[in-house]
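Q: when you get a sec, could you give me coordinates for this:
(4 chains)
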Amino acid sequence: MDFTFTDEQAMLRESVSRYLHKHYTFAARQALVSSDRPYSAEVWQHFVDLGLLSLPFPESVGGVGGSVVDLVAIGEPFGEHLLVEPYLASVLLAGKALAATADNVRARDWLQRILAGTALGAFAHEEGNGTPDPAQVALRCKGTGAAFQLDGEKRLVLGAAEADVLVVTARVEGEPGRRDGLALLLVAPGAPGVRLTPFTTVDGRSAAHVAFDSVEVPAEDCLSTDAYAVITSTVGDALVSLSAEAVGAMGALLRQTAEFATTRRQFGVPIATFQVVAHRLADMKIDVTKARASLLYTAALVEAGRATPRDLSVLKAQVGRLGRSVAEAAVQTHGGIGTTDELAIGHYLKRLLAIDAMFGDSDYHYRVVGAGA
Amino acid sequence: MDFTFTDEQAMLRESVSRYLHKHYTFAARQALVSSDRPYSAEVWQHFVDLGLLSLPFPESVGGVGGSVVDLVAIGEPFGEHLLVEPYLASVLLAGKALAATADNVRARDWLQRILAGTALGAFAHEEGNGTPDPAQVALRCKGTGAAFQLDGEKRLVLGAAEADVLVVTARVEGEPGRRDGLALLLVAPGAPGVRLTPFTTVDGRSAAHVAFDSVEVPAEDCLSTDAYAVITSTVGDALVSLSAEAVGAMGALLRQTAEFATTRRQFGVPIATFQVVAHRLADMKIDVTKARASLLYTAALVEAGRATPRDLSVLKAQVGRLGRSVAEAAVQTHGGIGTTDELAIGHYLKRLLAIDAMFGDSDYHYRVVGAGA
Amino acid sequence: MDLTTGPELDAFREEVAAFLDTAPTDAIREAGRKLTSVFSPFDEVMEWHRILHRRGWAAPAWPVEHGGTGWSVEQRYVFAEEYARRNLPPLLPNGLKMIGPLLIDLGSEEQKQQHLPGILAGEDYWTQGYSEPGAGSDLASLSCAAVADGDDYILNGSKIWTTLAHRANRMFMLVRTDSSGRKQHGITFLLLDRLDLPGLQIRPIVGLDGLPEQCEVFFEDVRVPQSGRVGAENEGWAVAKHLLTHERGGSTSSPSLYRFVQTIREAAAVRTSPFGGRLVDDPVFQRDLGELEAEVASVEHVEKLAVSGHPISADLAFPSLNKTVSSELTQRLTTLMARVAGLQGLPQQLQALHVGSGAALLSDDFDLVALPYYLNSRAASIYAGTNEVQRDLIARTVAAR
Amino acid sequence: MDLTTGPELDAFREEVAAFLDTAPTDAIREAGRKLTSVFSPFDEVMEWHRILHRRGWAAPAWPVEHGGTGWSVEQRYVFAEEYARRNLPPLLPNGLKMIGPLLIDLGSEEQKQQHLPGILAGEDYWTQGYSEPGAGSDLASLSCAAVADGDDYILNGSKIWTTLAHRANRMFMLVRTDSSGRKQHGITFLLLDRLDLPGLQIRPIVGLDGLPEQCEVFFEDVRVPQSGRVGAENEGWAVAKHLLTHERGGSTSSPSLYRFVQTIREAAAVRTSPFGGRLVDDPVFQRDLGELEAEVASVEHVEKLAVSGHPISADLAFPSLNKTVSSELTQRLTTLMARVAGLQGLPQQLQALHVGSGAALLSDDFDLVALPYYLNSRAASIYAGTNEVQRDLIARTVAAR
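A: The predicted model follows:
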């Protein structure tokens, strides 16, 4: 293994890149974000045509059996183009959770529709404390004979407002902190007692807080009552894809900042001439190199079935911290114009901030690594 | 108050500076450190003559009633000249603890001799865990009728090997973590059961680990059995003087490094011409300015009787971290020659490391400040 | 500066507290809570400015003859502390801390009489026309031209980073009146006493936080009177430098920096650590906040030495040092804010940020402002001379280059 | 690089482990425990070098025809991991990683035959004569002169930062043979096959840690044969640059960086936090160590991509990037060591650091080495081209200047 993409991966990546380069320019992306549409139906349809929606799933459920490394190959261009389509929410989170419980006929049905692009899913897991650890899930789920009842709240559920189905993590027994007693349930966003508070995130994504007030869930919509492993692997895989997006964004920042520093003149010379600016560019390159190496190596570990939780924490922590650092350096190097909404630079910063905050920030993951767990 | 030194303080400082400039050159200091003498008897005698040994003490015990700010005025030149004389150990630690318990005749007697320069004291308090908090003292002290018995160990007792008397902190009751039950005792270094392991520290000071094995202490040598306040104020005042030394060292580093950067040429120009070097010098100046301002302001607070433990933690933490940062920047700027024992630069680094490590390092004090205590 | 507080100062503190507790309207308080910038929400802060002016407290640092309070150093600190403690919106600096003091020092009698009352009273808002698209850090390269024509100048060119120009009715600016010599020569300092001029166009620029704060101003054959000139023609560079170094020794930023520390600590008290327990009790949080609080304390110490006349403030590098330290500390504080808010800070709530919108919050005030504040503060190390330029200046006082 | 471990690799690991468990003498193990530098204690590491050579494992990275092992990338990593895990002293790099590979690439057949066996076997130790007091970062300014005289050169001048020159019997050096053109021209690369030469004097320099590691070497009319020249006269700059970039893609520093992490974690397990409890359980300690461990992991990932042929290592900046990252990470790790040791690290224990001294320790091995290691590592960002120079080089690959 040389950690480079295979020819197939390179081709896939190239076709995604080429398409986005043409149809997902920064101007087009900004127009989309400032419209009232949460994502582009045309782009989504093209993703269906490219096979991206079935990419991560095994053939047994109608997918094409792509690997985590395949997803890294397309994740980098997603990050580079600041994609706001619900790929993470519907495909990588909801879809992967459904695929892992596809012995349930309802899960399989929903997955088919998500794969086909005829439905969108959302994964309601985060409760606002900044921890990716399923054991901390507190949303209450009472078993009442043939049905369950949900009470509590999920925060910042990506794609919830557009979702046709919510895949919800909840606690059927025990207290937060325990790994057992976790359920995975299908909930219709329009079900009685479900209340969505939708909003747009600083990085241009549609999301919602979702409150559950005595929401009845029939037994056949309960996909698992021992869901720790499913949630963990779903979040773990998503985290690699998210890291790929981050690395794509970091690479774009380095490239655009280097170009700016070479062309922008102050005091009669390009600002890249100033040693402090030059060294900042050098540090950006160092950071991008480290983040990208950790991404490629960790993805390979996941593919080889050898990634530990510690390996994933290393990746998420490094990408989170280095991403912020690269983006802040890019803004500073651009000077005034870097502090406006008019350049892509600031939007990369916001995207990288959001990626750091999701599924545990760098502080969280460094502590996990440092604890030697 | 304008936080500048009074005329008297400026004169005192000037006379100390002038003397050290002449008699305590870096070469002389290095010769002293590499000799087998722990300090210079001549310099010590001169300190007696200058009145430095009686400076910190009230007139009631034979002192001249100097203030914490007076001690700051002489502390900076001490730091600038990398003084290794036992001023901190004998005068500021042992002496101040004795002065605070001078209602005890034995304490007063020892203090007189220390003031006169005819005896040296040492303060055996630290137990190696990096905390200045007296509540953490664990050295056991059993009351046995008319006497006490000590068992345990003190670590890194400055000046212990030359001391005529040890002022020892110990626990007469309760567990570490409690503020009550703390004793202050006089112990002769040669008393049965006292075992010294002397050594020199990286910053050229004589110190020793002191083990106590069933050491008998007569009741009249017990200065207090409720010594929390005395220990706290002794350590607190010493910490201000130690910070003054640090600031003196930092100022010297800035000056010497700026001079080096202006004269050392590489690539045909003085290295101060390189923007990265220039900015490092700027950061050194920023750090020295902050540390010095915190020193002067905190000393004034102490003198006004308004300093809280939080104020002292702010000072110690800032001086500790900024001192290390300035010293490391000085070494890097000097390049190869900065990594040798031949220049003063590295000795300032070692002194600043030691100051940071004593009485709680910057991490410790930042946590105290952050806890909002 | 007296470190002991006496009965007089205590009485003063009570007087200040009583006023600050009662005088601000609800909208002004809301503007304080929704602050995400050194520039407070415009309408509310100008209203507050006028209220303070009626009490005589709009410009404590000004000379008494021009409307200052005549307070002692200690009183000014007490005022700043009580002000910050209540989270009230800081008055806009452009008039009170920039052009006002400059006119007091260098303006003609006529200019003083014409402009100072409006600045003091909060009737006028001045924007500054310094930077241009091609002249940022390298300010002296500016090219916005003023050509004399009778008693007027005809202006052509543009200015950028003109703070709140879209709300301003006055502008002070640097123009190029001669381009024959070295670039610092031929610059003229000019006052514009109105902005609704033919040929003058203002374009607000949306910042990273999604809010319009800075603007670009375009001049096309804009005619303004030469009487607005401060100092001699072509000698504006010296005037501008005087303004840039004006704050020397008079800065009191530590009370508002402390306010960040307090806000973060309060937010952490009602948030859960990802490892369980209250965030405020988390040792890593305490370590991070403790370092920032200690850094704020050092800024306080530097400032208090300076206002007390300690030679620290006589250092040529002092203004640059202050600017560098306080801007970077602000950035570190807003970074910690953003981290404490975490996921809850990610929703964009532009409407709720608008004072008086009545829009419901998705969580609390802290989560509302954390990310906008962080994003807005990225500019702090860039405006008023990038910190790279400041460090160049500081270094020059350490080692000749 | 294969990420899955198969039975063959497992068997290899056992073979390596068995040897490393039994072959080192007690003194060699003690040298590993007392390591405070990238340069291991001399006598012990040279003995260990000879032991490894007898097993055929002294130079895994060398071509097989010159005595390399022919191991796969995976095998080399296994060897490095097992080696680091046992805290064994790393072999000195000057011969095996610098002059040896250089001679393999650019030496004459005669030079190879003359010098490679002694390097491989650990019979000779080579010091490097690059820097001079006036030519540090600006290496091309060197002035130590070689004047041709018959078949010899006559050397005059001095060299500094000649690692362990006082223990060396060989030296490779750069000398000035022509000073008429630009400074990179006129430099010649020269081998000295003995150092006990008339006119040659060696002065050890005591480092911050109190130990002599670097030296200064003085030449006064020292006569050496011209046959020691590598490459053409006056063309030594290209030879030197070849050497400086030699490590590209072949570096395996992460196992020894991991060793720091492990050592620190073990030390923290038997130390008390100043707030009570074991230091290893302290969240602030975990946060700090966790970041460093993750940084080490990123270095591991960069290295494993590089040895696997990923284009990452084809980047012109790669050697500079590696040097910068690993030197600064080493410094951060030794800084954490020094902080964990705290007060207990302050006693100077030069005698105890000396292998075989039998001197009693004041506490444990960790406290013994922590501060010397920290102090010694201050040089890591200075030697082999300061990190300022490295960042200049990296920046040039990002943006033309």
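Q: so what touches the helix or strand where residue A:183 lies?
A: When elements are defined using DSSP states H and E, residue A:183 is found to belong to strand A:182-187. Taking contacts as C-beta atoms under 8 Å, 6 or more residues apart in numbering or on different chains, the residues outside strand A:182-187 that touch it are A:97, A:101, A:106-107, A:110, A:124, A:134-135, A:137, A:141, A:148, A:150, A:165-172, A:194, A:212, A:215, A:217, A:221-228, A:230-231. All C-beta atoms are positioned from the backbone trio N, CA, C, and that covers glycine.
Q: so which of the residues you listed are in helices?
A: Secondary-structure check on the contacts of strand A:182-187 using DSSP state H: residues within helices are A:97, A:106, A:107, A:110, A:228, A:230, A:231.
Q: just the pLDDT for the last one.
A: If I follow you right, that is residue A:231. If you check residue A:231, the pLDDT there is 97.
Q: just give the number of residues close to residue A:21.
A: Other residues within reach of residue A:21, judged by other C-beta atoms under 10 Å in any protein chain shown, total 12.
Q: not counting sequence-adjacent ones, nearest residue to residue 141?
A: The chain I'm using is chain A. If you skip the residues right next to it in sequence, residue A:141 has residue A:170 as its closest partner in space, 3.7 Å away by C-beta to C-beta, 6 or more residues apart in numbering or on different chains.
Q: not quite, I wanted chain C
A: In space, residue C:141 comes closest to residue C:135 once its chain neighbours are excluded; the distance is 4.3 Å by C-beta to C-beta, 6+ apart.
Q: doesn't residue C:157 make contact with the one you found?
A: No - here residue C:135 does not reach residue C:157: they are 10.1 Å apart, not a contact under C-beta atoms under 8 Å.
Q: which neighbours do the two have in common?
A: Counting by C-beta under 8 Å, 6+ apart, the common neighbours of residue C:135 and residue C:157 are residue C:143.
Q: how many neighbouring residues does residue 105 have?
A: I went with chain A, as the question did not name one. For residue A:105, the neighbour count with other C-beta under 10 Å is 9.
Q: that's the wrong chain, I meant chain C
A: Residues near residue C:105, counting by other C-beta under 10 Å, number 12.
Q: also the one 4 residues further on?
A: Per other C-beta under 10 Å, the neighbour tally for residue C:109 reads 7.
Q: go on, residue C:148?
A: Neighbouring residues of residue C:148 were enumerated by other C-beta under 10 Å; the total is 12.
Q: just residue A:110 next, same as before
A: Taking other C-beta under 10 Å as the criterion, the count of residues near residue A:110 is 23.
Q: got it, and residue C:293?
A: By the measure other C-beta under 10 Å, the count of residues near residue C:293 is 26.
Q: SS state for it?
A: At residue C:293, secondary structure determined by DSSP: H, G, I helix; E, B strand; the rest coil is helix.
Q: for it, give me the pLDDT.
A: Taking residue C:293 on its own, its pLDDT is 98.
Q: would you list the phi and psi of whichever residue of chain C sits closest to chain B?
A: Nearest to chain B in chain C, going by C-beta to the nearest C-beta, is residue C:290, at a distance of 2.6 Å. Here the main-chain torsion angles of residue C:290 (degrees, to the nearest 10) amount to phi -60, psi -40.
Q: state the distance from the nearest residue to it once chain neighbours are set aside to residue C:297.
A: Counting by C-beta to C-beta, 6+ apart, residue B:370 is the residue found nearest to residue C:290 once chain neighbours are left out, at 2.6 Å. Distance, residue B:370 to residue C:297, by C-beta to C-beta, to the nearest Å: 12 Å.
Q: one more: residue C:365?
A: As defined by C-beta to C-beta, residue C:365 lies at a distance of 25 Å from residue C:297.
Q: look at those two and report which has more neighbours.
A: When residue C:365 and residue C:297 are compared for neighbours, residue C:297 comes out ahead with 27 against 17, by other C-beta under 10 Å.
Q: how deep is the residue nearest to residue C:141 tucked in, by neighbour count?
A: Residue C:135 sits with 20 neighbouring residues when counted by other C-beta under 10 Å.
Q: same question, residue C:265
A: The local packing count at residue C:265 equals 19, with neighbours defined by other C-beta under 10 Å.
Q: just the one 10 residues further on next, same as before
A: For residue C:275, the tally of surrounding residues (other C-beta under 10 Å) stands at 18.
Q: and what of residue A:336?
A: There are 18 residues near residue A:336, going by other C-beta under 10 Å.
Q: can you pull the contacts of it?
A: Counting by C-beta under 8 Å, 6+ apart, residue A:336 touches C:131, C:136, C:160, C:161, C:214, C:379, C:382, C:383.
Q: mind checking the pLDDT average for stretch C:44-61?
A: Mean pLDDT, stretch C:44-61: 97.
Q: for residue C:380, helix, strand, or coil?
A: Remark: residue C:380 carries the secondary structure label helix [criterion: three-state DSSP].
Q: neighbours of the closest residue in space to it that isn't next to it in sequence, how many?
A: With C-beta to C-beta, 6+ apart as the criterion, residue C:380 has its nearest non-adjacent residue at 3.8 Å, and that residue is residue C:327. By other C-beta under 10 Å, the residues close to residue C:327 number 22.
Q: state the distance from residue C:327 to residue C:257.
A: From residue C:327 over to residue C:257 the distance is 11 Å, taken as C-beta to C-beta.
Q: again, but for residue A:33
A: Residue A:33 is 34 Å from residue C:257, where distance means C-beta to C-beta.
Q: those two: which has the busier surroundings?
A: When residue A:33 and residue C:257 are compared for neighbours, residue C:257 comes out ahead with 22 against 19, by other C-beta under 10 Å.
Q: now do the SS call for that one.
A: Per three-state DSSP, the local secondary structure of residue C:257 is helix.
Q: so it makes contact with residue C:333?
A: Yes - taking C-beta under 8 Å as the definition, residue C:257 is a contact partner of residue C:333 at 6.8 Å.
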